[in-house]
Structure formats: C-alpha cells, structure tokens
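Student: predicted model and sequence below, questions to follow.
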Amino acid sequence: MKKSVIFGALTVAGLAAGAAAAGTLDDVKARGKLNCGVATGVPGFAFTDANGDWQGFDVAVCRAVAAAVLSDATAVEFVPTTGKTRFTALASGEIDMLARNTTWTFSRDVDLKFTFVGINYYDGQGFMVPKELGVSSAKELDGATVCIQTGTTTELNLADFFRINNISYEPVPIETNAEAQQQYLAGACDVYTTDASGLAATRASFENAGDHVILPEIISKEPLGPLVRHGDDEWGDVVRWTLNTLIAAEELGITSANVEEMSAAAGDKPEINRMLGTEGTLGEMLGLDAAWAKRAISVGGNYGEIFAKNIGEETPIGLARGLNAQWTDGGLMYAPPFR
Amino acid sequence: MTTLSDPPKEGFRLSMLLYDTRYRSGTIQVVALFCFMLLAAWLLNNTIQNLAALGKPIDFGFFSEPASYDINQRLLDYNSRDTHLRASFVGLLNTLVVAFLGCVTATVLGVVIGVLRLSPNWLVARLMTVYVEMFRNVPVLLWIVFIMAILIETLPSPRAFRGDDATASMMLGDSVAVTNRGVYIPEVLFSRSLGDLHLFGNSSLRFDVSLDLIAILIVLGAGLWVSRRIKHRADGIQEQTGTRPTTWYLRLGVVAVPLAILLIALGFHFGMPALKGFNFSGGTHLRNSLIALWLALSLYTAAFIAEIVRGGIMAISRGQTEAASALGLRPRRVMSLVILPQALRVIIPPLISNYLNLTKNSSLAIAVGYMDITGTLGGITMNQTGRELECVLLLMLVYLAISLTISAVMNWYNESVKLKER
C-alpha cells in the first residue's frame, strides 16, 4: 500500500492526539483538580446539601481520590451526569472518573471500553409501589405503568423480567431521579423501578414514606462501582486502590479518628504500616507520596463510616449493610491485600 | 485589401498562474479547495485514528443486535427482542407523527391568529399580540416541560376513576377518559376485518398495511371522483341553460352511501376504553408525552406562523382590499378570496422554514419521555451500545432527509401558487 507523506504525517498527528489523552494522573496533578462524574441527585448517594456542597456515598469516593492524589478533598469538580450522558462524559475525557451508582456489566467493561475499578455497593433492581394499590409481588404488576430511567441496565432488566413472566407493562422513560419521583408521586406511573438502594433513598425523601412499599423481588444483580477509561492503567490503579484502602481500612480497624495516630509511627501490624506509608513504598509505586492512604481515609473515614454516615440504618435512607458488610462479617466487601 | 494577421500567440508559462489576472483567481480557488480537502481529510483521519486507538472502530453491526428495551408508543409491532434498527424505525415513525400533527395544527392556529391580529377589533388584536409575544419569546423546551407538568399535576390518575367513591369520571358517555397518563379515546374496530398485508417478511423493516384502510380509501376516492363528475355536469348545465340543478344530495350520496355500506360490511364499531387493572385498556391511548409535545410545538410554531401570515397580508396593497370591497364583497370573503391567495406567495417560503424548525424541535421529545428517533436511536440505542459517532451521524442523516423532503414538497407547492407571469 502506498501512502503519501501527508497521510503519514496525519497518522502521526492522530496518534499524538490519542497519546495525549493517556496519563490522567499527570493531567489531574497538573490541573490541581479532579473532575468527577456523579449522579444529578440521588439522596444519600450524590446530592448537594443546603450549602451547595456535594455530599453522599458516591461523592465520598471522589473526595477520597482527590485527597490521595491532590492532598485536598475539596479539589473536586463535580460533574452531574444523567444515565444517558455519563459514558460519553467519561469517554470524551470531560471527567477523569465516574462514581455514580453505575452497574458493572460485561458490555460496559469490554465493548464500551471502560475499566471498573471495584464495587462500592452490591445492589439489585427492585420495585416501589404505593401501598394503596395492594400489590405484594412484582408478578402482580400486569398492565402497570412503570417509570424507568433511560439508558440504564434497569431498563433492560425490566424488559426481560416482564417478557419472561409473560406480563405486560407500559414503560415511561425518564431522564433523572427527580423527574421519576415527581411522576411517581403524581400517579403518572404506578411503579418506580431502579436499584433497591436508589428506591430506598428516593422513598426516604418522600413526605409520607410509609405509604410506599418496596416489593420483595430483586430481579437482577447490580454491582455498582466507580469506573475510569480503558487503557490508562496507572490512573485506574490509583482509583482502584483508593477504593480498596477505604474497604481495607474498615477491616483493619483504621478509622478517621485513629488514622492520624496510626500513621505517625509504624505499629506492629505490617499491612497497616504498608498501607499508611510507615513501611515500604506502596505510595511511590502508585506515583503518589507515602501518605496517600492516610489522607484518603481521613476525609470521610473508612468504608463503614462512609456507609453509616450517608446511607446506613441511622440515616433516613436506612439501608442495612447486608451484602455490603465486610467479608469477615458475612458480607461481600473484600479488599485484596496491601503488599 | 488588407489581411488581418492573428495576434502573436503567447506561450503559456507556469508563472502566469500567479501573475496573469486571467488565471490568478482560478489558481487561488484550486489552492483553497486543496486546503479545504486537506482539512477535511485530517479531521476524518484523526477521528478514525482516535476511535481505533480507543478500540472502538466505526462499525454499524450493532444494528442487527436485539435492542432489549421497550418502547411505549409503537405504530409498528415491536418488542424488546427486535433489533436496534427496528427500534430506530419505530422512533422515526413517532417523530414523523408528531411533526405532521404539529405542522397541521400550527398552520391552522397560525393563520387564524395572524389574521385576527390585524382585526379592527382592538381587544382581539391585542390578545393575539400577547399570545404571539408570549410564545415567541420563551424557549420551546420550557413550553414542552410546562405543558407536561400541567398535564401530570392537574389531571386525575387512573386510580381516581376506581371504586365507589371515585373522584373522577369519564366523559362523553363513558367513552373518553382524561388522565394524567394521557387521554383514552374510543378506537375503530372491524369485526369482519380483511386483515393485514405483511410486507418484508420477518426482517427489521417489516411493515403491516391494513387492507381495511386501503378498501376505505379506495371507496372514498371513487366517491369523491364521481362527486366531481356530477359537479362538472352541473357546471355544464348552468353554462347552457343558466339554471343550476340541485346536486348536493346526489354528491353527498355517492360519497356517503358506498362508504357506509363498506363500513357495515366490515363490521365497523368502536372499542371503548375501560378501567382494567392498573390502567385503562382498550381504546386508543394518546400519551401525555405526545400531547404535551404536540401542543407545545404547535402553539410555539403557530406564533411564528402568525407573524409570517401577518407580514404576508400586510404586503398586499391596501388597494386590493378597497377594490374588492367596492365590488361588494364582505370582509370575510375579501380576506379568503382576494387577500390570502395573494399573500400565500409571500407566506410560503418562510413557512417552509418553520415546518423544518418544528420537525427539528421535535427532537426535544426526550424532555417528556416521548420516544422519537432521538429517544431511540440517539438515546437508548446510543447509550446501550456506546456507538456515539455512528448513532449521531445516522441521526443527522435522518433529520437531513426529513428536512429535505419537507422542503421539496413545500417548494413544489410554492411553484404551483406563485405568481404566474404571462
């Protein structure tokens, strides 16, 4: 094949443009700010408080990464994304990472070219209906009008569930959680379906939360977790191990209260020492400094603290740990060893 | 006798391309064209390279995979096992439906409002001015969302129709239900239907044509044709004898009687909506999303069309009105027989643009969850397959094709009404 000089030059330019996209860690450091994609507003997971500050379970992951990389938990530019816009935002480089109750699926990992760095919430799709309808099972929903966020895995599960059970429904496609809530409360749809955690969070914000029931059926596995672009493994490692730090810290008994003390001098547990930088060079291997994990933990505490503060049983959302307990407590939360 | 010798032939030299004014402009254009083509090639190549680097080369294979999602408003049969291509078609039809309904309604409203805005009645004219300014100056997206919010928040949900102490009831002899999920109206059913004609087998492009509809259209067309013949005959008699025979009952008869016979033969009846389970079932369901989009687009575009109509009318010389009045025509007939036909020549070209705008604005449908082509191909399909570039390119092509078609049809109409200079 004969290629002109000009085309050769264009190819080089194209490759250069492609290569410039890699190296997110350096980009973030140079920028001094982490661009983190979150949901447009899900109580407990990602929402703005009365002061306009972002709060929540997913937001805490962004803040931990910012603290680890930039030593400043507030150096985060939160980019609200909808179910439809999130992947384009990440693929195009508008955001460095996405922490937005996003389900880890084969096609998103392999075909959409993203890298899921872990799971911060094990979830499943559920249904919420008003109590007055007298429905006790999702199989009784024949002919119901269902509000559903478009561009989600829940949309696909819903179609499969109703088709397999040979019952019909009328989907009402909706862009954001807030719109769904409005339509559901006005009775424009009988059922709202999304991840069970999202249902609990939404119900918690209702005036009469007791008038609505979440049906017992969980129709899918929805492992939710943060993700980054495919092909930038250094950056993927930073986000992955920041999340692992939060999970391991709970297992190892490191909390926001004692992290300062434990990181001051090496203790007698080598894994804690390696994690907190008092022994070995784990931070350096990541391209960060030795105190990265300490900073990540001191922002909002370990995984258990973040869970309890944002969505746990003491909060209005009231989610039990369930599958999200540590593996030592019969849950699925399991961080690989720091060594 | 002198002989004219040819002017000395000057050989062409390369430098003449630059220094000779005869060639220079051509040279510049060729160079500019090359630069443009280089730029286009660079953009194209860069896109392809970067997509390949991302591991997502351009590929339309996803079209034949199952879409896996449901669409609530489907004019073709569709289920979640159908392909993305079929889902796109369903969306395309939904786009065309709302665009067509919107264009028709906007035209009717626009003409009426445009004419009324010139009314000598102060109150009517001012009210129309307020209407035009209100709709013209607020973005159409806000109108769509606003109308949707009104529909959802003010109308009763189907639950309100249920039970002994129902707070809402159906209208027009229990045949129409207005709910916050949409309006349920009776549907046309045939108990001895001729069935459907299935085109394109089982492919993604399969299409059912109702034979009942074809039969009705044929009978109606034939009736109208006979009716026209009767009119021509009446015209002929009037020319010869001066008296016009009364033909209205004949003309009505040839259209209505065969149609009625056909409808009875087909077993025509209405299917009434009835509350069943969670929703009304039976009848035709006009979804809120369609109503909100249709209303908002029509009202918004009508404001622009009203201004075009007003401009068109004002472009006609005042003398035309006075001349027509002098002949003894009443104001309404002056408007419909003299002014509007002339104004049409001014109105149509900008009207085409407004039809195009309305069609393109229908892509805001996703704001209310109406599954048009932007919602299916450019929304869920794009999101589930991650093929942004392919989907957006196709979407652009589709809208381009729709717009060019509307434009071609309207230009053809414009040719037929424009001033014929003889």
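Tutor: Received the coordinates, thanks.
Student: ok, now which ones touch the residue nearest to B:Ala160 when sequence neighbours are not counted?
Tutor: Leaving out its chain neighbours, the residue that sits closest to B:Ala160 by C-beta to C-beta, 6 or more residues apart in numbering or on different chains is B:Ala168, at 4.1 Å. (Each C-beta comes from the backbone N, C-alpha and C, glycine too.) By C-beta atoms under 8 Å, 6 or more residues apart in numbering or on different chains, B:Ala168 lies in contact with B:Pro156, B:Ala160, B:Phe161, B:Thr179.
Student: skipping adjacent residues, who's closest to B:Val140 in space?
Tutor: In space, B:Val140 is closest to B:Tyr300, 4.5 Å off (C-beta to C-beta, 6+ apart).
Student: backbone phi and psi for A:Glu279, please?
Tutor: phi -150, psi 140 (degrees, to the nearest 10).
Student: swap that for A:Ile247, please
Tutor: According to degrees, to the nearest 10, A:Ile247 has phi -70, psi -40.
Student: kindly provide the distance from it to chain B.
Tutor: With distances taken as C-beta to the nearest C-beta, to the nearest Å, A:Ile247 is found 29 Å from chain B.
Student: give the contact list for the residue nearest to B:Val140.
Tutor: B:Tyr300 touches B:Ala106, B:Phe135, B:Arg136, B:Val140, B:Trp143, B:Asn361, counting by C-beta under 8 Å, 6+ apart.
Student: where's it, which helix or strand?
Tutor: helix B:288-314 (DSSP states H and E).
Student: and that helix, what's buried?
Tutor: Across helix B:288-314, burial judged by 16 or more other C-beta atoms under 10 Å in any protein chain shown covers B:288-310, B:312-313.
Student: now do stretch B:239-247
Tutor: B:Thr247.
Student: count the neighbours of the residue of the stretch 101-250 of chain B found nearest chain A for me.
Tutor: Taking C-beta to the nearest C-beta, chain A has its nearest neighbour within the stretch 101-250 of chain B at B:Ser157, 2.9 Å off. A count of nearby residues for B:Ser157, using other C-beta atoms under 10 Å in any protein chain shown, gives 20.
Student: show me what the host helix or strand of B:Tyr413 is packed against.
Tutor: Assigned by DSSP H and E, B:Tyr413 falls within helix B:388-417. In terms of contacts (3 or more C-beta pairs under 8 Å, 6 or more residues apart in numbering or on different chains; DSSP states H and E), helix B:388-417 is packed against helix B:84-117, helix B:340-361, helix B:373-375, helix B:382-385.
Student: would you convert those into TSV that also reports distance to chain A and mean neighbour count?
Tutor: Shown next, in TSV, are those (distance: least, C-beta to the nearest C-beta, whole Å; neighbours: other C-beta atoms under 10 Å in any protein chain shown):
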stretch	distance to chain A	mean neighbour count
helix B:84-117	11	21
helix B:340-361	18	19
helix B:373-375	7	25
helix B:382-385	4	24
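Student: can you list those in TSV and add mean pLDDT?
Tutor: Compiled in TSV, those are given as follows (pLDDT from 0 to 100):
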stretch	mean pLDDT
helix B:84-117	94
helix B:340-361	92
helix B:373-375	91
helix B:382-385	86
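Student: give me the residue ranges of the stretch 251-400 of chain B where confidence is low.
Tutor: Within the stretch 251-400 of chain B, no range satisfies pLDDT under 70.
Student: flag every residue of the stretch 51-200 of chain B that's near chain A.
Tutor: B:53-56, B:68-72, B:79-81, B:152-153, B:157-160, B:180-181 (C-beta under 8 Å from any C-beta of the partner chain).
Student: one more: the stretch 251-400 of chain B?
Tutor: B:276-279, B:281, B:288-289, B:366-367, B:369, B:371, B:375, B:379-380, B:383-386, B:388.
Student: 6 Å instead, please
Tutor: Contact residues, the stretch 251-400 of chain B versus chain A (C-beta under 6 Å from any C-beta of the partner chain): B:Gly277, B:Phe278, B:Asn279, B:Gly369, B:Ile380, B:Asn383, B:Gly386, B:Glu388.
Student: got a list of what the closest residue to the second one other than its chain neighbours touches?
Tutor: Nearest in space to B:Phe278, with sequence neighbours left out and distances taken as C-beta to C-beta, 6+ apart, is A:Ala144 at 4.3 Å. Taking C-beta atoms under 6 Å, 6 or more residues apart in numbering or on different chains as the definition of contact, the neighbours of A:Ala144 are A:Tyr169, A:Asp190, A:Val191, B:Phe278.
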